[in-house]
Each structure stands twice: as C-alpha cells, then as structure tokens.
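Asks: Sequence and predicted structure below; questions after.
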Amino acid sequence: MTKLDSLFQPIEIAGMELKNRIVFLAAATEYSDSGFVDRREVAYMAARARGGAGLLTTGMLVPSYMGPIPLNVIYDDKFIPGLRQLTETVHSEGAKIAAQVGIQYFWASEENAPVEEVSPSRIATRRNSSPRALTADEIHRIVDAYAEAGRRARASGFDAVEIMCGIGYLIARFLSPLTNRRTDDYGGSLENRMRFMLEIVAATKARVGHDYPLICRMCADDFMEGGQRLEETRQVAVALERAGVHCLNVGAGWHECRTPLVYMSVPRGSFVYLAEEIKKVIKIPVIAAYRINDPLLADSIIAEGRADLVGMARALIADPEFPDKARCGRLDDIRSCIACGYCLDSVMLAAPMACAVNPAAGRETELAIAPATRPKKVYVIGGGPAGMEAATVAAQRGHDVTLFEKGDRLGGNLLLAAVPSYKWEIENLTRYMERQLRKSGAKVMLDTEADEATVAAGKPDAVIVASGSRPNVPGIPGVDGDNVATALDVLAGKKPVGERVVVVGGGQVGCETAEHLAEQGKQVAILEMLERIGNDIGLTTRWVILQRLRQAGIATETGARVIEISDKGVRAERGGSVELFEADSVVLAAGLTPRDELAQRLKDKVAEVYSIGDCAEVQKMANAIESGFRIAIAI
C-alpha cells in the first residue's frame, strides 16, 4: 500500500486541530436562490466531510444583500440557523469547517437597496465593467459588515473564518495598483492599498476573538498587466501575519486574467511555487492550491516543505471520498478531476454547479446508488462513457450486467478526445472508468457487435443502448474526394493528411483537431460558417482554446460557408464573394449524428429499452455520463 505519511499528518491552526492536510477549497455552487444555505448545500458539504477532508470551506458568504444574484449571504442574524445546521452536519461527519467571507464586485448598502457594481476606483475590467468608486464612509461600513459576518460565522459554529482577499474580488481590487487609483488613505502606496484589508482583519478579530482561527485567501500573483506581482504580495503576506492572521491560502490569478489557471492544459501543481515563495517570508501555515488532483503530488508538496496544507476544490467535487481512498491506499479508485471546466461553466451561467465526471455532485440525495429491488439481466450495448457508467452502476446495484463493445478497447469517443497532447487527463478518466467497470462484476465482451440476434438469444430483461454517434458528412460537392477525411478518422490515425490542411467546422472538435495537426507541423486553417469560433465550448475554457490556436499559428476564418471541395482545397462563400482556401487535405468537423438504429429496432422486442449518451442525443461527455448513471439507478 502506498504510504502518504505527510498528507495525513495532523496539524493545528490557532488551536483548531485538523486530522490531515487536505483542505476543501471554497467553490460557488449556486444551489440556493434565496441567500440561505439549503438542504442541497448541506448534503453536498456533508459528503465531502464524510469523505475524509480535514477542513472544508464554504462557498463565499457575502456580507451584503445580493438581491437576485444566487449567492449565499451572511449579512443578517436570520441566516445563522441555516448555517448552524451546516456546521453541525459537517462536524457530525468528522471534519472542521471554515466560513469564507467576501464581496465580489457588487454591494448593497442595506437589505432591498440597489445592488451596485463597486470598486476602489472607477476602473473597468472584463469582470467589473462599470464600477462606482466607493466613498470613505462606504468603505467603513463594509469593514464593519465583514466583521459582523465573522461574528455570525462563529455564532453559527464555524471553526474558522477565511477572508477572501484574492481572485479579483473587492479586497484584491484595493490591493492592486491596476484597479486602485485612489488619492486618499486607501490608495497610492502599498501601505495605503492594504489598509482596507487590514482594517477588515482587525475589525473581524475584535468581534471573533484574537485566538479564533482566521485565514486569508490571497493571490500571490494576479497575472494582470499592471497588477500585483510576487515581489509585492510577499509584503502583503508579512503584513497579514503581523496583523494576526493564522494561515494563508495562496492562490493565483484573477478571474479575468489571461493566464490559464485550472484548465487541463495546465500541468498539475503549476502554482505550488507561489505558496512556496510566500512560505519563505512567514511562519504561519500556508495552503498551496490549484491543479492539485493527485494524492502523490499532494503528499510530496507537504513532504518537501513547499506548503503546510494542500487545497483542493474540484478534486473533491469529482470524488468526495478522495481523502479516505488515498489514506487507505485505494489510489486506483479515485475519480480524478479532469480539469475540463464544466463545474465553472455551470456557475458562470448562474446554473447549479455540476461535475462532468461525477453526476451525483450536488445531487447526493437525488442520485444515490441503492441496491436493486429486483435484480435483472441487463445488456449494455456500447463501451463509451455512457455505456461504461451505466454498466458499472447497474452492476454495483446487483444487476447481472453484460457490456458489449464492437471494438477492441473501451472508451468510445473518450479515446479520441484524449489524443490532443494536453488532454491526457481524459485518458486517466477512461482508465478509471474501465477499472470500476471490471471491479463492479459486469461482464465485458470486446470485439463483439451486439445486434437483434444477440439480444434475442440472451433474453435480457433490459437493454441499454449506448451505440454512440457518427460524423455528419455535409452534402457538399467533392466531399467524397480522396483528400477528405473526418476529424474522428484523423484523430484515430486512420487517415493521413497533407502539409496544408483546412478543417471545416470550428466547434470544439474542429479546434482540437486543428491544434493536433499543427503540433505535427501542418499548416492549418479552420473554416467556420458562424461568426464565432468555438461556439460549443464552455465559457471558462473557450478563451484558453482560442489562445492556443493563436499561439499555434492556426488561421481561423469565420462567416465562411463551404460550397465545394476539390483537389486544390475548399471554396467558400463569405460576404458575397467566393474564396479559395488552398489545401492538400480537408478535414470535416461538422458535428455528429446519433447512431440510434439498433435502439429503434429493439423497442418492440424487449420490455425495457433505453437509449443513452450520443445514441439518444449528441451532447457533451458530462451529459453522456449522467445519462448512463441516471438510467442505471432507475432500473
């Protein structure tokens, strides 16, 4: 068994005893639209506590009325009972919990007052587009609101308070010379720019007690042009320690910075160096964060003295049992976060937070796996993500499951999604799903194409069809030429391409295929009929992929409707004129169509027939996995 001695050493922070060094970081969930912590949030946090994390942190609690903005708030004592239910539940599961307190970009002077966009100065950024500069009197009122939030947090039973001082939120905007151009006591020198933050710390300590654990989450480098660099944030860290803060949670970047932070193209542990640098100038414990989803990496960070604790948000969203599985040496059973951004995308769209690889995240009571009332004989046809998930969960519930896969490997389109060099986290997911499938007791039949005869011979009680999809081939003259291939065939290595390539279709598959070819030294252009490249890519990751396309030198041509393919390239109409885009090879990335013929033929032959994944509707990987999970718990 792999020993993780450092990761599972206890630690004390201002008298708060933690059983290990794993911190569940604050992550917005959007589970409540009333400002109150509800039962869904409690169940979600309880699952992470039960899974073995030492310290949990709430999503940010705002010390201000927020109107229709779906954030949990803590501006009034009426919120204490709900918060107390949360802390008592987490404590009953054996973990400690901290309340993160902070203001994003909006503030209201009182309940039911207008919610305004505010900042230290009237400086617009991508996320703070038209802020109003706060007056000195308003600053004093906000300081008091933070302190009162701290008092309420302690009264609610929280073990600590974490003040959010980073990621571009209000305190960070006071700290940064980019957004703080004030000429009063709150602007100018670093001492003045820190004043707002230090007044909040002092006022909070006065309300909660000087020995009550106080954590600050900071950005060691905001990665904003004209912002705060490490040389200055070291001084901020020293000032926080002198002010009586007991622990620093060290992150990086603002939400609107253009440095990728948590996407899968960022190597694991990329920002630990920032925590390490901060740790050199202070004596209080330091939490390292961002892209830490591997227990061996986490243990090494502690063992090497680079940080005292490791912070994980999405790793524990993907698998709340990560800590206990790691502690028991069950590393192969950990469902790793693949850093796809699906959870962030949902929150940014003001939808409830969801996880691409863990359908039960945030729906712990709704999507629980329970033993089957009557075990059935179940056939699953197709070994992609939907089929593997369905077969695994159905077998775990006690059904007699056989999965048929016509190819020689499990994974379906996950195998192709993992081909681009930076998407190896998806390969890890595929291996995890295959391991869980085989451990579940389901029988796996590779190189076996199940059809109506197979089903008739086996007489299953239920058939789950996960036969996937096929590429769309548009009816364009020349589309059947020898120089034309589908993106899926290119990613699978089934068809070579020439030196000059035009990719027809600028969705996610087209963009990733184009970059894959550019990495091989090909000269690549993307033609997209819409006016926007990457229309189907998530909000928080689209800009990263477009940035990579630019860096790879890939031309992106929008508003281009392909009218003909020839051995010379692609002719497309744009703006009333026709252009020739020269190419040796043309790659089609024009979407996918459900492969649902077998499901249709079986409907009248088997009592229970279910279509899942792309077979039912072409969507994202997250939808495929969820569809498999939902059917499996319903049978």
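Replies: Arrived safely, thanks for sending. Numbering: from 1, shown residues only.

Asks: Give the buried residues for the one helix or strand residue 502 maps to.
Replies: Assigned by DSSP states H and E, residue 502 falls within strand 500-504. Residues of strand 500-504 classed as buried by neighbour count (16 or more other CB atoms under 10 Å): 501, 502, 503, 504. Every C-beta, even on glycine, is put in place using the N, C-alpha and C of the backbone.

Asks: One more: stretch 121-130?
Replies: 121, 125, 127, 128.

Asks: The most far-flung residue of the chain relative to its centre: what secondary structure?
Replies: Note on the chain: the largest C-alpha distance from the chain mean falls to residue 457, namely 43.7 Å (CA atoms, centre = their mean). Secondary structure for residue 457, judged by DSSP: H, G, I helix; E, B strand; the rest coil, is helix.

Asks: how about the helix or strand just after the strand holding residue 502: buried residues?
Replies: As assigned by DSSP H and E, the chain's next helix or strand after strand 500-504 is helix 508-519. Within helix 508-519, the residues that count as buried by 16+ other CB under 10 Å are 508, 509, 510, 511, 512, 513, 514, 515, 516, 517, 518.

Asks: Tell me if I'm right that the last one and residue 554 touch.
Replies: Yes: Residue 518 lies in contact with residue 554 (CB atoms under 8 Å); the separation is 5.4 Å.

Asks: where do the contact lists of those two overlap?
Replies: residue 524 (CB atoms under 8 Å, 6 or more residues apart in numbering).

Asks: if we can go back for a sec, would you mind giving the buried residues of strand 500-504 as CSV with pLDDT added?
Replies: CSV is the format used below for the buried residues of strand 500-504 (pLDDT from 0 to 100):
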residue, pLDDT
501, 98
502, 98
503, 98
504, 98
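
Asks: now those as TSV including distance to residue 203?
Replies: Output for the buried residues of strand 500-504, formatted as TSV (distance: CB to CB, whole Å):
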residue	distance to residue 203
501	61
502	61
503	57
504	60
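
Asks: Show me how the protein divides into domains.
Replies: As given by automatic domain parsing, the domain ranges for the chain are 11-348, 377-471+593-634, 484-590.

Asks: Using a markdown table, please lay out these together with distance to residue 362.
Replies: A markdown table is the format used below for these (distance: least, CB to CB, whole Å):
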| stretch | distance to residue 362 |
| --- | --- |
| domain 11-348 | 5 |
| domain 377-471+593-634 | 12 |
| domain 484-590 | 17 |
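
Asks: Which among these is found nearest to residue 365?
Replies: In terms of CB to CB, the element of these nearest to residue 365 is domain 11-348, at 5.2 Å.

Asks: Could I get the full set of strands for the stretch 401-550 of the chain?
Replies: Counting by DSSP state E, counting those that start in this stretch, the stretch 401-550 of the chain has these strands, from start to end: 443-445, 462-465, 469-471, 484-486, 500-504, 523-527.

Asks: Which among those is found nearest to residue 239?
Replies: strand 523-527 (48.6 Å).

Asks: what are the pairing partners of the closest one, and which direction each?
Replies: Here strand 523-527 has these sheet partners by DSSP bridges: strand 500-504 (parallel), strand 555-557 (parallel).

Asks: now the shortest one: mean pLDDT?
Replies: Read it as strand 555-557. Average pLDDT, strand 555-557: 97.

Asks: that older thread, among the buried residues of stretch 121-130, pick out the one closest to residue 137, please.
Replies: residue 121 (16.3 Å).

Asks: by contact count, what packs against the top helix by length along the chain?
Replies: For the chain, the helix with the greatest residue count under DSSP state H is helix 136-155. On a contact count with 3 or more CB pairs under 8 Å, 6 or more residues apart in numbering; DSSP states H and E, helix 136-155 meets helix 80-92, strand 96-101, strand 160-164, helix 195-208.

Asks: switch to 10 Å and redo it
Replies: helix 80-92, strand 96-101, strand 106-107, strand 116-119, strand 160-164, helix 170-175, helix 195-208 (3 or more CB pairs under 10 Å, 6 or more residues apart in numbering; DSSP states H and E).

Asks: Let's have these in a markdown table, adding distance to residue 490.
Replies: Output for those, formatted as a markdown table (distance: least, CB to CB, whole Å):
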| stretch | distance to residue 490 |
| --- | --- |
| helix 80-92 | 49 |
| strand 96-101 | 45 |
| strand 106-107 | 46 |
| strand 116-119 | 46 |
| strand 160-164 | 45 |
| helix 170-175 | 44 |
| helix 195-208 | 52 |
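
Asks: after the worst-scoring helix or strand of the chain on mean pLDDT comes which helix or strand?
Replies: Ranked by mean pLDDT, DSSP states H and E, the weakest helix or strand in the chain is helix 342-348, scoring a mean of 93. Using DSSP H and E, the helix or strand that follows helix 342-348 in sequence is strand 377-381.

Asks: Can you give me the buried ones in that following strand?
Replies: 378, 379, 380, 381.

Asks: coming back round to it: distance to residue 581 for the strands of the stretch 401-550 of the chain - can I get that in a markdown table?
Replies: Formatted as a markdown table, these follow (distance: least, CB to CB, whole Å):
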| stretch | distance to residue 581 |
| --- | --- |
| strand 443-445 | 45 |
| strand 462-465 | 39 |
| strand 469-471 | 20 |
| strand 484-486 | 14 |
| strand 500-504 | 5 |
| strand 523-527 | 6 |
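
Asks: Quick one: closest of the ones you listed to residue 80.
Replies: strand 462-465 (46.9 Å).

Asks: quick one: average confidence on the closest one?
Replies: On average, strand 462-465 scores 98.

Asks: so what does it touch, helix or strand wise?
Replies: Secondary-structure packing of strand 462-465 (3+ CB pairs under 10 Å, 6+ apart): strand 377-381, helix 385-396, strand 400-404, helix 452-458, helix 597-602, strand 608-611, helix 621-634.

Asks: In this structure residue 412 contacts residue 383, no?
Replies: Yes: with contact defined as CB atoms under 10 Å, residue 412 counts as touching residue 383 (6.2 Å).

Asks: overlap in contacts of those two?
Replies: Common contact partners of residue 412 and residue 383 (CB atoms under 10 Å, 6 or more residues apart in numbering): 405, 466, 468.

Asks: so which of those residues comes closest to residue 578?
Replies: With CB to CB as the yardstick, the closest approach to residue 578 among these comes from residue 468, at 36.1 Å.

Asks: Pick the one among the buried residues of strand 500-504 closest to residue 353.
Replies: residue 503 (32.8 Å).

Asks: what's the distance between the closest one and residue 476?
Replies: To residue 476, residue 503 is 14 Å away according to CB to CB, to the nearest Å.

Asks: same deal with residue 93?
Replies: Per CB to CB, residue 93 is found 58 Å from residue 476.

Asks: do the same with residue 249
Replies: 54 Å.

Asks: now residue 98
Replies: Per CB to CB, residue 98 is found 58 Å from residue 476.

Asks: can you check residue 541 too?
Replies: 30 Å.
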